[in-house]
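Undergrad: no FASTA, just this:
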(Lines give C-alpha, C1' and ligand atoms only; values in the text may rest on other atoms or scores of the structure.)
Protein backbone atom coordinates (compact mmCIF):
# COMPACT_ATOMS: atom_id res chain seq x y z
CA UNK A 1 0.00 0.00 0.00
CA UNK A 2 2.82 2.42 0.78
CA UNK A 3 4.38 1.90 -2.67
CA UNK A 4 1.08 2.82 -4.37
CA UNK A 5 0.91 6.04 -2.35
CA UNK A 6 4.53 6.90 -3.10
CA UNK A 7 4.02 6.22 -6.81
CA UNK A 8 1.03 8.58 -6.80
CA UNK A 9 3.02 11.28 -4.98
CA UNK A 10 5.81 10.96 -7.56
CA UNK A 11 3.31 11.15 -10.45
CA UNK A 12 1.85 14.41 -9.05
CA UNK A 13 5.29 15.97 -8.62
CA UNK A 14 4.97 16.30 -4.85
CA UNK A 15 7.97 14.02 -4.24
CA UNK A 16 10.90 12.60 -6.21
CA UNK A 17 12.77 9.31 -5.83
CA UNK A 18 16.55 9.29 -5.59
CA UNK A 19 18.59 7.48 -8.26
CA UNK A 20 18.73 4.24 -6.24
CA UNK A 21 14.95 4.32 -5.59
CA UNK A 22 15.71 4.09 -1.85
CA UNK A 23 14.59 7.54 -0.67
CA UNK A 24 11.65 9.86 -1.27
CA UNK A 25 12.50 13.56 -1.55
CA UNK A 26 9.86 16.23 -0.94
CA UNK A 27 9.59 18.82 -3.73
CA UNK A 28 8.73 22.51 -3.34
CA UNK A 29 5.22 21.72 -4.56
CA UNK A 30 4.80 18.97 -1.96
CA UNK A 31 6.14 21.20 0.79
CA UNK A 32 3.66 23.88 -0.24
CA UNK A 33 0.79 21.40 0.09
CA UNK A 34 1.86 20.28 3.57
CA UNK A 35 2.38 23.78 4.92
CA UNK A 36 -0.42 25.47 2.98
CA UNK A 37 2.12 27.95 1.61
CA UNK A 38 2.74 27.72 -2.08
CA UNK A 39 6.40 28.60 -2.78
CA UNK A 40 7.12 31.86 -4.53
CA UNK A 41 10.18 32.86 -6.53
CA UNK A 42 11.87 34.55 -3.56
CA UNK A 43 11.49 31.60 -1.19
CA UNK A 44 12.64 29.19 -3.90
CA UNK A 45 15.81 31.20 -4.44
CA UNK A 46 16.46 31.41 -0.69
CA UNK A 47 16.08 27.63 -0.45
CA UNK A 48 18.60 27.13 -3.23
CA UNK A 49 21.10 29.48 -1.56
CA UNK A 50 20.75 27.96 1.91
CA UNK A 51 20.95 24.36 0.60
CA UNK A 52 18.01 23.30 2.76
CA UNK A 53 16.68 19.83 2.09
CA UNK A 54 13.20 18.52 2.84
CA UNK A 55 11.99 15.06 3.76
CA UNK A 56 8.77 13.37 4.80
CA UNK A 57 9.15 10.40 7.14
CA UNK A 58 6.19 8.02 7.34
CA UNK A 59 6.16 5.74 10.38
CA UNK A 60 3.79 3.02 11.54
CA UNK A 61 4.12 3.13 15.34
CA UNK A 62 4.01 5.78 18.04
CA UNK A 63 7.37 4.61 19.38
CA UNK A 64 8.88 5.36 15.95
CA UNK A 65 7.30 8.82 15.93
CA UNK A 66 8.75 9.58 19.37
CA UNK A 67 12.18 8.32 18.29
CA UNK A 68 12.24 10.67 15.28
CA UNK A 69 10.87 13.64 17.24
CA UNK A 70 13.70 13.33 19.78
CA UNK A 71 15.97 14.56 16.97
CA UNK A 72 13.75 17.51 16.02
CA UNK A 73 13.97 20.25 18.64
CA UNK A 74 11.12 22.78 18.62
CA UNK A 75 8.87 20.68 16.38
CA UNK A 76 5.34 21.81 15.63
CA UNK A 77 2.32 19.84 14.51
CA UNK A 78 0.05 20.51 11.53
CA UNK A 79 -3.08 18.56 10.60
CA UNK A 80 -3.72 17.80 6.94
CA UNK A 81 -6.89 15.81 6.18
CA UNK A 82 -6.97 14.15 9.62
CA UNK A 83 -3.27 13.23 9.53
CA UNK A 84 -0.91 14.94 11.98
CA UNK A 85 2.42 16.02 10.49
CA UNK A 86 5.12 16.92 13.01
CA UNK A 87 7.47 19.46 11.44
CA UNK A 88 10.93 20.39 12.61
CA UNK A 89 14.54 20.90 11.62
CA UNK A 90 17.46 18.49 11.68
CA UNK A 91 20.75 20.05 10.61
CA UNK A 92 19.98 21.54 7.16
CA UNK A 93 16.81 19.45 6.70
CA UNK A 94 13.16 20.49 7.04
CA UNK A 95 11.47 17.29 8.24
CA UNK A 96 7.79 16.32 8.32
CA UNK A 97 6.86 13.14 10.21
CA UNK A 98 3.50 11.38 9.97
CA UNK A 99 2.36 8.32 11.87
CA UNK A 100 0.26 6.46 9.29
CA UNK A 101 -0.12 3.01 10.86
CA UNK A 102 0.83 -0.39 9.53
CA UNK A 103 -1.09 -1.91 6.64
CA UNK A 104 -4.28 0.08 7.03
CA UNK A 105 -5.43 0.95 3.50
CA UNK A 106 -7.85 3.68 4.65
CA UNK A 107 -5.01 5.63 6.33
CA UNK A 108 -3.05 6.60 3.24
CA UNK A 109 -1.18 9.73 4.28
CA UNK A 110 -2.93 12.63 2.59
CA UNK A 111 -2.06 11.45 -0.91
CA UNK A 112 -4.27 14.13 -2.38
CA UNK A 113 -2.87 16.88 -0.16
CA UNK A 114 0.86 16.19 0.25
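TA: Arrived safely, thanks for sending. Not measured: the values here are computed from a predicted model.
Undergrad: distance between stretch 59-71 and the chain's centre?
TA: In terms of CA atoms, centre = their mean, to the nearest Å, the centre of stretch 59-71 is found 14 Å from the chain centre.
Undergrad: Likewise for stretch 53-71?
TA: For stretch 53-71, the gap between its own C-alpha mean and the chain's C-alpha mean amounts to 10 Å (CA atoms, centre = their mean).
Undergrad: Lowest mean pLDDT among the helices and strands of the chain, which one is it?
TA: The weakest-scoring helix or strand in the chain, judged by mean pLDDT, DSSP states H and E, is helix 41-50 (a mean of 49).
Undergrad: next structured bit after it?
TA: Counting by DSSP states H and E, the next helix or strand C-terminal to helix 41-50 is strand 53-59.
Undergrad: ok, that following strand: who's next to it in the sheet?
TA: In the sheet, strand 53-59 lines up against strand 93-99 (parallel) (DSSP bridges).
Undergrad: What mean pLDDT does the strand it pairs with get?
TA: Averaged across strand 93-99, pLDDT comes to 89.
Undergrad: going forward, begin numbering at 30 instead of 1
TA: Done: numbering now begins at 30, and the last item shifts to strand 122-128.
Undergrad: what residues does that strand touch?
TA: Here strand 122-128 makes contact (CB atoms under 8 Å, 6 or more residues apart in numbering) with 55, 60, 63, 81-91, 93-94, 97-98, 101, 104, 112-118, 138-139. Where you see a C-beta, it was placed from the backbone N, CA and C, and this is true even at glycine.
Undergrad: Report the buried members of these.
TA: 55, 60, 63, 83, 85-88, 94, 97, 101, 104, 112, 114-117, 138-139 (16 or more other CB atoms under 10 Å).
Undergrad: Among those, which lie within helices?
TA: Among the buried ones among the contacts of strand 122-128, the members falling in helices (DSSP state H) are 60, 63, 94, 97.
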